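Asker: need a 3D model of the sequence below.
(chains A and B)
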Amino acid sequence: MKLVIYATLCDPNCEENLKYLKTILKYADILELGIPFSDPLADGPTIQKAHVRALKAGGSLKKSFKVVKILKEEFKNKDIYVMTYYNPVFKYGEENFLKDLKEANGKGFIIPDLPAEEGENISKNAKALNLDPVFLAAPTSDEKRIKLISKVSGDNIYYVSLTGITGARDKLDFENIKKHYLKVKEISKKHVWIGFGISKKEHVQALSFADAIVIGSKVVSFIEKNDLKGLEKFLKEIRSEVEKINATSC
Amino acid sequence: MSYLYPINGKFGEFGGKYVPETLMKALEELEESYLKIKEDKEFWEEFNLLLKDYVGRPTPLYFAENFSRYIGCKVFLKREDLNHTGAHKINNALGQALLAKKMGKTRIIAETGAGQHGVATATACAKVGLKCRVYMGKEDAQRQALNVFRMKLLGAEVVEVESGSQTLKDAINEAIRDWVTNVENTHYIIGSVVGPHPYPMIVRDFQAVIGKEVKKQIMEKIGRLPDIIVACVGGGSNAMGIMYPFIENKNVKLVGVEAGGLGINTNKHAASLCAGEVGVLHGAKSYVLQDENGNIMPTHSISAGLDYPGVGPEHAFLKEIKRVNYTYVTDKEALEAFKVLSELEGIIPALESSHALAWVIKHKNSFSKDTVIVVNLSGRGDKDVAYVKSYLEGK
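Answerer: The predicted structure follows:
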């Protein structure tokens, strides 16, 4: 199992953000770096607030490439994916976006409001540059849609664990998640990440079957409190759960 | 003609479905259900009967004699203000509520800016028997406090949205978040020709009754089509509704009037087509007001119903093929028109519709006395009276 950790660029501000991202990269396999946007409609209150802070601090797609490049120099073996809504990419230009992401040594991207139908072009061009476009699958995706998603995705698919927006949940319906996860895996034959709602080590244990898990809002809530120590403690705990799972699987 | 039905959900390059994957299946189902009821005689019989006896359609096409004298040509007003609930919004709300019921949905959500669409949706839900929740920006809720109370009276739950700019755009974000969460039992009644496909098409079709009536009424009154049709454009549903049946009548000039606020060279306006650029907002590619990083800009208009940084994708297309002439008037010009029509005709227009009237006033010297203009009087201004009073006293 791989551990994917989300944080928003320039949260709580651009300077301090870097130390949070570096701490995350010590424990995560993959950093999902969120680009702040004025209208993050797939996000719950925790990440919405992070976007407000980060926009005020000057976070943008353009800035993210510099940060990705700096981080990749230090963390060569870790992968960084940019997570952005579509309009900033459209405004920047899809081709410029892919070119600059590649130059910054980014691994790929996630665009939550770009479904497979609208993403064919960017997917094709990304793959040509050896970038990994990660498309989302949801509990409402049927077989036909999963096939479509699989076609445009690179090596990975992000399975949204619930119908809803991002945000830490106390309880998750693991039985349902597993059923859908296995369906996505079987149809797509890709690595499947599970995200949305995951916020504690018990969740990680219950999701031991997953190729990767994504934790976002819980991490952002530490940044909101400017609690680096608390975040590091949390990440350590999660990492050790992931290690336990990896030790017992073949 | 090819542009009358969106191809793969797009009008030219505009439109599409830029939404989270969770909603894609629901949009597919919505389109399927809609195409089915479109051919369903029973549905239209039920809907048309309600439009007649419940909404009060057809609304009159009124020859505004005094206003015409003031302008110096013949001006007809399409009296959408006389609809039940006081605006054109009910045409779409009722159509979609019936559609939702047919789809087996039990819960309705909607967004509202001025409150007109919220009131219309709450009304339609009360009539049809569906649970209703309306999202409204906190700032709008304060501007339109009476409409908030009205919705509650009608049995709807009103949620004041405190995120972002606390206006219509943020209410839509919040409604989409609700829809993503409750998509199984919930239908989202979008109030304008915006949002992901198939919404712009559905809302347009339900509003097209306005233009169809105008066509019949003007033939009865003067035996020919009008020279000019004018409507205000926020998201653009009343404009689409009155213009759509005239798209192929190339001799009819179509004018869409956006909210110029304090002027489009300030950043206090909501003129997406006149001063924006192509972008993606709320599920569709269209014209938007955005900054250099692709963030959506705050907007301003004296009229809450036009205070929106995007516009329906079909309008973007009609701009591109130059079928509709899009322009703007300022807050001040709209306010002047609000007063002029009240004094000359005894009709208090909505601040939104006042934008269309203001365009006519602004160009009064360019019409000949035989020019026939139809203005879509999309709503009545009772809701705006208190706000205009405080606005004028504040000056």
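Asker: lowest average confidence, helix or strand, in chain B?
Answerer: Taking all helices and strands of chain B together, the one with the lowest average confidence (mean pLDDT, DSSP states H and E) is helix B:138-143, at a mean of 87.
Asker: and the residue of the stretch 201-350 of chain B that's closest to chain A?
Answerer: With C-beta to the nearest C-beta, the shortest gap between the stretch 201-350 of chain B and chain A falls at residue B:294, namely 3.3 Å. From N, CA and C alone the C-beta is placed, and that goes for glycine too.
Asker: what distance separates the start and the end of stretch A:127-134?
Answerer: Here the two ends of stretch A:127-134 are set 11 Å apart, with distance taken as C-alpha to C-alpha, to the nearest Å.
Asker: please enumerate the strands of chain A.
Answerer: For chain A, the strands identified by DSSP state E occupy A:2-8, A:30-34, A:79-83, A:108-110, A:132-137, A:156-160, A:191-195, A:212-215, in order along the chain.
Asker: which bits of chain B sit near chain A?
Answerer: B:16-26, B:163-164, B:169-170, B:173, B:176-177, B:180-184, B:278-283, B:285, B:288, B:290, B:292-296 (C-beta under 8 Å from any C-beta of the partner chain).
Asker: I'd like the distance from stretch A:212-226 to the chain centre, please.
Answerer: Distance of stretch A:212-226 from its chain centroid, counting by C-alpha atoms, centre = their mean, to the nearest Å, is 11 Å.
Asker: how about it, which residues are buried there?
Answerer: Of the residues in stretch A:212-226, those with enough neighbours to count as buried (16 or more other C-beta atoms under 10 Å in any protein chain shown) are A:212-224.
Asker: am I right that residue B:68 is in contact with residue B:75?
Answerer: Yes: proximity of residue B:68 to residue B:75 meets the contact threshold set by C-beta atoms under 8 Å, at 4.6 Å.
Asker: those two: which is more packed in?
Answerer: Shown here are residue B:68 and residue B:75; by other C-beta atoms under 10 Å in any protein chain shown, residue B:75 has more neighbours (28 against 20).
Asker: where is the longest helix in chain A?
Answerer: When secondary structure is assigned using DSSP state H, the longest helix within chain A turns out to be helix A:228-248.
Asker: now it and strand A:2-8, what's the angle there?
Answerer: Our comparison of helix A:228-248 with strand A:2-8, counting by axes from the mean of the first three to the mean of the last three C-alpha atoms, to 10 degrees, yields an angle of 160 degrees.
Asker: tell me, what residue is most central in the chain?
Answerer: Using chain A. Per C-alpha atoms, centre = their mean, the C-alpha nearest to the average position across chain A is that of residue A:32, at 3.9 Å.
Asker: actually it's chain B I care about, not the one you picked
Answerer: Nearest to the centroid of the C-alpha atoms of chain B, with distances taken as C-alpha atoms, centre = their mean, sits residue B:237, at 3.3 Å.
Asker: and the pLDDT at it?
Answerer: The confidence metric pLDDT takes the value 98 at residue B:237.
Asker: next, count neighbours for the closest residue to it other than its chain neighbours.
Answerer: In space, residue B:237 comes closest to residue B:192 once its chain neighbours are excluded; the distance is 4.3 Å by C-beta to C-beta, 6 or more residues apart in numbering or on different chains. Burial of residue B:192 is recorded as 31 neighbouring residues (other C-beta under 10 Å).
Asker: and what of residue B:265?
Answerer: Number of residues near residue B:265 (other C-beta under 10 Å) recorded here: 9.
Asker: quick check: the gap between it and residue B:234.
Answerer: From residue B:265 over to residue B:234 the distance is 20 Å, taken as C-beta to C-beta, to the nearest Å.
Asker: likewise residue A:27?
Answerer: The span separating residue A:27 from residue B:234 equals 48 Å under the rule C-beta to C-beta.
Asker: related to what we said a few turns ago, any chance of the buried residues of stretch A:212-226 in TSV, with distance to chain B and pLDDT too?
Answerer: What follows is the buried residues of stretch A:212-226, written out as TSV (distance: C-beta to the nearest C-beta, whole Å; pLDDT from 0 to 100):
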residue	distance to chain B	pLDDT
A:212	18	98
A:213	18	98
A:214	15	98
A:215	19	98
A:216	15	98
A:217	14	98
A:218	19	98
A:219	20	98
A:220	16	98
A:221	17	98
A:222	22	98
A:223	19	98
A:224	15	98
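Asker: quick one: which of those is nearest to residue B:151?
Answerer: The nearest member of the buried residues of stretch A:212-226 to residue B:151, counting by C-beta to C-beta, is residue A:217 at 31.4 Å.
Asker: list the contacts of the closest one.
Answerer: When contacts are counted by C-beta atoms under 8 Å, 6 or more residues apart in numbering or on different chains, residue A:217 is found next to A:44, A:46-47, A:166-168, A:199.
Asker: find the nearest non-adjacent residue to it, please.
Answerer: Nearest in space to residue A:217, with sequence neighbours left out and distances taken as C-beta to C-beta, 6+ apart, is residue A:46 at 4.2 Å.
Asker: before we move on, the earlier item: restricting to C-alpha, output the least confident helix or strand of chain B in CSV.
Answerer: The C-alpha coordinates for helix B:138-143 follow below in CSV (Å, rounded to 0.1, in the frame of the first residue of the first chain):
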residue,chain,number,x,y,z
LYS,B,138,-25.7,35.4,2.8
GLU,B,139,-25.3,38.8,1.1
ASP,B,140,-28.2,38.1,-1.2
ALA,B,141,-30.3,36.9,1.7
GLN,B,142,-29.8,40.2,3.4
ARG,B,143,-30.6,42.1,0.2
